[in-house]
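A.B. asks: attaching a predicted model along with its sequence, questions to come.
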Amino acid sequence: MACRRCREHDLLLSVLVHSIVGQSTSAENNLSAGELLRRAVDGELKGQADDHTHWMYQVKETHSGKEEVKCVVQTKQGKLDRLLLVNGKSLSAEQQKQEDRRIAILLSKADVTKKRQRAQQKDARQTEDLFQMLPNALTVKYGERKDDLVELLFEPNPKFDPPTREASVFHAMEGRIWISVKEDRLAEIEGHLIREVKFGGGLLGYLDKGGEFHVKQSEVSPRHWEISLLHVNMHGKALFFKTISVQQDENRSNFRQVPDDLTLAQAAEELQKQSGVKSAQGDRHDRPAAQTQSSPKATQKSGGVL
């Protein structure tokens with residue numbers, strides 16, 4: 001389902017859609033590196049198309065020296081998130097109220113919800129388009145093998161003419177891709193810009209050489225894969241010389257499947273519960289050790305945390 005894949009699909013999430021042509025051969029299975037990656041890309045597309053599950057998980061984000069932990073719930077109507085911790089501390093009463101108000105506004109405005117859905121569906125289509133558009137964007141060769149994972153080293157294909165800005169960014173990268181040969185899925189992609197990327201000949205902006213990204217997928221349950229790590233660090237200039245600073249560090253964990261018919265309102269209720277549990281957990285950690293030990297109720301309440 002298109003809108004289920006609502007994972008901050010800016011330029012960076014589309015990293016997972018690299019499909020690549022290569023010429024090296026594997027002595028083990030007589031597949032060229034490009035053929036192996038094509039097979040993995042097909043598996044990735046099929047896996048995403050067939051996977052209609054929805055998940056709740058935690059996201060730890062670091063930006064501008066501040067660490068935030070959020071709980072995220074996926075639904076057919078899109079995703080909903082709630083801030084739980086800032087720099088390891090529970091939210092204040094005022095911060096909790098701010099989160100309540102923010103979520104209430106999202107739920108009360110149907111036009112906002114529909115706009116979010118359309119944006120998520122557009123992101124999903126762009127991701128699929130990149131899968132289909134980039135078979136010839138890069139060249140690959142075999143690297144290492146670790147258990148079920150096979151490494152492919154990639155670089156730009158000089159014969160490829162990128163038709164979009166996103167394709168231009170991918171086409172200026174080199175790095176490595178790890179493929180799960182058992183599941184035919186893209187497990188990890190790591191790359192960096194080997195040259196400056198100019199948009200509109202540089203008039204519309206550019207990205208500096210050296211920008212990097214790192215994306216991991218994990219099998220959160222049998223045959224269900226979700227992004228577990230996002231790291232991006234890119235800089236440049238935009239139109240009218242505005243500085244671009246794209247920096248993103250996310251770690252996603254504690255995945256728990258939720259009902260596929262879960263509504264946004266029900267997701268908000270679940271987030272409220274998680275916020276209360278996390279606040280109780282944070283309060284317990286802030287107490288002196290002796291006081292913590294004398295509070296079995298608090299300890300029991302922390303069970304079932306994401």
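C.D. replies: Received the coordinates, thanks.
A.B. asks: you'd agree Leu84 is up against Gln95?
C.D. replies: No. With contacts counted by CB atoms under 8 Å, Leu84 stays clear of Gln95, the gap being 10.3 Å. In short, each C-beta sits where N, CA and C put it, glycine included.
A.B. asks: who's more crowded, these two?
C.D. replies: Residue environment comparison for Leu84 versus Gln95 gives the larger neighbour count to Leu84, 25 against 13, counting by other CB atoms under 10 Å.
A.B. asks: ok, the helix or strand hosting the more buried one: who's next to it in the sheet?
C.D. replies: Secondary structure from DSSP states H and E places Leu84 in strand 78-86. Taking DSSP bridges as the criterion, strand 78-86 pairs within the sheet with strand 66-75 (antiparallel), strand 89-90 (antiparallel).
A.B. asks: rebuild those as TSV, extending it with mean pLDDT.
C.D. replies: TSV is the format used below for the strands paired with strand 78-86 (pLDDT from 0 to 100):
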stretch	mean pLDDT
strand 66-75	95
strand 89-90	94
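A.B. asks: point out the most buried one among the ones you listed.
C.D. replies: Taking mean count of other CB atoms under 10 Å as the contact definition, the stretch among those with the greatest mean neighbour count is strand 66-75, which reaches a mean of 19.
A.B. asks: so who does Asp261 touch?
C.D. replies: Shown in contact with Asp261 (CB atoms under 8 Å, 6 or more residues apart in numbering): Lys76.
A.B. asks: which of the three states applies to it?
C.D. replies: For Asp261, the reduced secondary structure class is coil; criterion used: DSSP: H, G, I helix; E, B strand; the rest coil.
A.B. asks: next, the nearest residue to Lys182 once chain neighbours are set aside: phi, psi?
C.D. replies: Counting by CB to CB, 6 or more residues apart in numbering, Lys182 lies nearest to Asp148, which is 4.7 Å off, once chain neighbours are set aside. Taking degrees, to the nearest 10, you get phi -80, psi -10 for the backbone angles of Asp148.
A.B. asks: re earlier: just the C-alphas of the strand holding Leu84, formatted as CSV.
C.D. replies: Included here for strand 78-86 are C-alpha records, laid out as CSV according to Å, rounded to 0.1, in the frame of the first residue of the first chain:
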residue,chain,number,x,y,z
GLY,A,78,-0.7,7.7,6.9
LYS,A,79,1.6,7.8,9.9
LEU,A,80,1.4,9.7,13.2
ASP,A,81,4.2,10.4,15.7
ARG,A,82,4.6,11.8,19.2
LEU,A,83,7.6,13.2,21.0
LEU,A,84,8.6,11.1,24.0
LEU,A,85,12.0,12.3,25.2
VAL,A,86,14.4,15.2,24.6
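A.B. asks: what's in contact with it?
C.D. replies: Outside strand 78-86, the residues that touch it by CB under 8 Å, 6+ apart are 3, 6-7, 58-59, 66-73, 90-91, 95, 99, 103, 106, 113, 116-117, 120, 264, 267-268, 271-272, 274-275, 278, 282.
A.B. asks: can you give me how far that strand is from the chain middle?
C.D. replies: 15 Å (CA atoms, centre = their mean, to the nearest Å).
A.B. asks: now it: average pLDDT?
C.D. replies: Along strand 78-86, the predicted local confidence has a mean pLDDT of 94.
A.B. asks: pLDDT at Ser279, what is it?
C.D. replies: Per-residue confidence for Ser279 comes out at a pLDDT of 59.
A.B. asks: also Lys237?
C.D. replies: Looking at Lys237, its pLDDT stands at 88.
A.B. asks: now do the one 5 residues further on
C.D. replies: The confidence metric pLDDT takes the value 72 at Lys242.
A.B. asks: same thing with the one 5 residues further on?
C.D. replies: In the prediction, the pLDDT value recorded for Gln247 is 83.
A.B. asks: pretty sure it contacts Val232?
C.D. replies: Yes. Between Gln247 and Val232 a contact is recorded at 6.5 Å, counting by CB under 8 Å.
A.B. asks: rewinding a little: nearest to Glu166, out of the strands paired with strand 78-86?
C.D. replies: Taking CB to CB as the measure, those were each checked against Glu166, and strand 66-75 came out nearest at 23.7 Å.
A.B. asks: run the chain-centre distance for the strand or helix carrying Lys114.
C.D. replies: Under the criterion DSSP H and E, the helix or strand holding Lys114 is helix 110-133. Helix 110-133 sits 14 Å away from the centroid of its parent chain (CA atoms, centre = their mean).
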